[in-house]
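Colleague: my questions are about this predicted structure, shown below with the sequence.
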Amino acid sequence: MENKNTWAGKLFLFGLLALGMAFATTDYAQIQSGICQLYGVVTTLLAAVVFVLIVLAAIVYAAGQVMGAETRARASVWATSMIVGAVIGIVIYVVVPIVLDAMLTESITTACG
């Protein structure tokens, strides 16, 4: 015997799925336009953010080396966190075009210009 909450949850999720399918569009041009906008944002904004993170990490690390031991340790942790964020940004910058290219019927560079 199953719990009533389990059935209610399943019914709610099924209702959300049916509602999503009802509003789904099959207009490929609109989908391609959205993918191209996402590609544009990733290629322009993410590259700048990665660059700024690397520069800020260097500044924070250098400024921390002049301070006391506790501040030096905190600055080192902050700089390391910024570098890790930049590396994650680089991975996203590389992976997103590959994933978006798989969603389109033609190459992402030719589809988006």
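Modeller: Arrived safely, thanks for sending.
Colleague: now stretch 17-34, how far from the centre of its chain.
Modeller: 21 Å (C-alpha atoms, centre = their mean, to the nearest Å).
Colleague: do the same with stretch 32-39
Modeller: Taking C-alpha atoms, centre = their mean, the mean C-alpha location of stretch 32-39 is offset from the chain mean by 14 Å.
Colleague: excluding its backbone neighbours, what's nearest the spatially most central residue of the chain?
Modeller: Of all residues in the chain, the one closest to the mean position by C-alpha atoms, centre = their mean is residue 92, 6.4 Å from it. Computed as C-beta to C-beta, 6 or more residues apart in numbering, the closest residue to residue 92 that is not its neighbour in sequence is residue 46, at 6.4 Å. (C-beta placed from N, C-alpha, C; glycine too.)
Colleague: show me where the chain has helices.
Modeller: For the chain, helices defined by DSSP state H occupy the ranges 4-23, 28-41, 47-66, 69-103, 108-112.
Colleague: list the buried ones in the longest one?
Modeller: By neighbour count, and taking 16 or more other C-beta atoms under 10 Å as the criterion, the buried residues in helix 69-103 are 75, 78-79, 82-83, 85-86, 89, 96-97, 100.
Colleague: redo those residues as CSV? Include distance to residue 17.
Modeller: Converted to CSV, the buried residues of helix 69-103 look like this (distance: C-beta to C-beta, whole Å):
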residue, distance to residue 17
75, 49
78, 44
79, 45
82, 41
83, 41
85, 35
86, 38
89, 33
96, 27
97, 30
100, 25
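Colleague: what's the neighbour count on residue 59?
Modeller: 13 (other C-beta atoms under 10 Å).
Colleague: by mean pLDDT, point me to the weakest helix or strand of this structure.
Modeller: helix 108-112 (a mean of 71; mean pLDDT, DSSP states H and E).
Colleague: residue ranges with poor pLDDT in the chain?
Modeller: Applying pLDDT under 70 to the chain flags the ranges 1-5, 25-28, 109, 111, 113.
Colleague: ok, residue 64 - how many residues close by?
Modeller: 19.
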